[in-house]
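Asker: Prediction below, plus the sequence it came from.
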Amino acid sequence: MKLNFFFRFFKRSIDIFSSVFLIIIFSPILIITALVIKITSPGPIFFKQKRVTKNDQEFLMYKFRSMYTGDNDKRLRENYPELWKKYKDAGWKLPMSEDPRITPIGKIIRATSVDEFPQLINVLKGEMSLVGPRAYREEELQEYEKKYPKTKKYINEIRSVKPGITGLWQTSGRNELNFEQRAKLDSKYIRNQSVWQEIKIILKTPTSMISRW
């Protein structure tokens, strides 16, 4: 999808300005979070994982580590088979209260969305945008395409743009959506990209975050 120069300039400018502003404003919280993670759980402060960005390129997405170290997916699959099935069936998600992989501090930073803040580094690097579809793993998209064949056109659209920290379905007030429903909303966002839509999503994001607390 071709976008005019003004919109591309606006979107990148907002990404850079917002990322720098938020990192400065929330720097005390970010520093405290990093220290608490380091003190309470052995392992790195940041979690890095390959995700898909524009034109099927892959990048390392950053988050504050909210899980115990090691191969958590393998541990869940081998030790908690019922939870593993639920995890896959629910779109690679588990309620925090049921997920044995998450540390006590991890539950707090996830509930407050603080774990997402390091993605502002990805935005500054141009790998992500402030607003966009969810950042998926390649294997997720491949599995979703098999499970939901009708979503192939949506997945192709998702692959054509940068993922975002927030987006249309995250701010729609509908948290319990399956992949097909989320993909439709991501497709709607992509097909109707505009300055006004970006502003609306950005303004609705704080309220959406607070409603999940």
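Answerer: Sure thing, it's come through.
Asker: list the buried ones in the worst-scoring helix or strand of the chain on mean pLDDT?
Answerer: Using mean pLDDT, DSSP states H and E, helix 81-89 stands out as the lowest-scoring helix or strand of the chain, at a mean of 80. The neighbour-count check on helix 81-89 (16 or more other C-beta atoms under 10 Å) flags Leu83, Trp84, Tyr87 as buried. Bear in mind the C-beta positions are built from the backbone N, C-alpha and C, glycine included.
Asker: Reformat these as CSV; add distance to Arg182.
Answerer: Listed next are the buried residues of helix 81-89 as CSV, based on distance: C-beta to C-beta, whole Å:
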residue, distance to Arg182
Leu83, 21
Trp84, 21
Tyr87, 16
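Asker: where in this protein is pLDDT low?
Answerer: The chain contains residues with pLDDT under 70 at 1-3, 91-92, 173-175, 210-213.
Asker: which residue ranges form the helices in it?
Answerer: With helices called from DSSP state H, the chain shows them at 5-25, 27-40, 72-79, 81-89, 104-111, 119-124, 138-147, 152-158, 179-191, 195-211.
Asker: Packed most tightly, which of those helices would that be?
Answerer: Highest mean neighbour count among the helices of the chain (mean count of other C-beta atoms under 10 Å): helix 119-124, with a mean of 21.
Asker: Could you list every helix and strand that that helix packs against?
Answerer: In terms of contacts (3 or more C-beta pairs under 8 Å, 6 or more residues apart in numbering; DSSP states H and E), helix 119-124 is packed against helix 5-25, strand 58-64, strand 164-166.
Asker: Would you convert the ones you listed into a markdown table that also reports distance to Asn72?
Answerer: Listed next are these as a markdown table, based on distance: least, C-beta to C-beta, whole Å:
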| stretch | distance to Asn72 |
| --- | --- |
| helix 5-25 | 28 |
| strand 58-64 | 13 |
| strand 164-166 | 22 |
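Asker: among the ones you listed, which is nearest Arg51?
Answerer: Of all the helices and strands packed on helix 119-124, strand 58-64 sits nearest to Arg51, with 4.4 Å by C-beta to C-beta.
Asker: Neighbouring strands of the closest one in the sheet, and parallel or not?
Answerer: Using DSSP bridges, the strands paired with strand 58-64 are strand 46-52 (antiparallel).
Asker: Okay, angle between the partner strand and helix 138-147 too, please.
Answerer: Strand 46-52 and helix 138-147 are oriented at 50 degrees to each other (axes from the mean of the first three to the mean of the last three C-alpha atoms, to 10 degrees).
Asker: Show me the contact partners of strand 46-52.
Answerer: Strand 46-52 has contacts (C-beta atoms under 8 Å, 6 or more residues apart in numbering) with 58-67, 118, 135-138, 141, 159, 163.
Asker: Can you mark which positions in it are buried?
Answerer: Quick answer for strand 46-52 (16+ other C-beta under 10 Å): Phe47, Arg51, Val52.
Asker: List just the nearest of those to Lys204.
Answerer: Of all the buried residues of strand 46-52, Lys204 sits closest to Arg51, with 23.4 Å by C-beta to C-beta.
Asker: so how far is Thr171 from the closest one?
Answerer: Per C-beta to C-beta, to the nearest Å, Arg51 is found 20 Å from Thr171.
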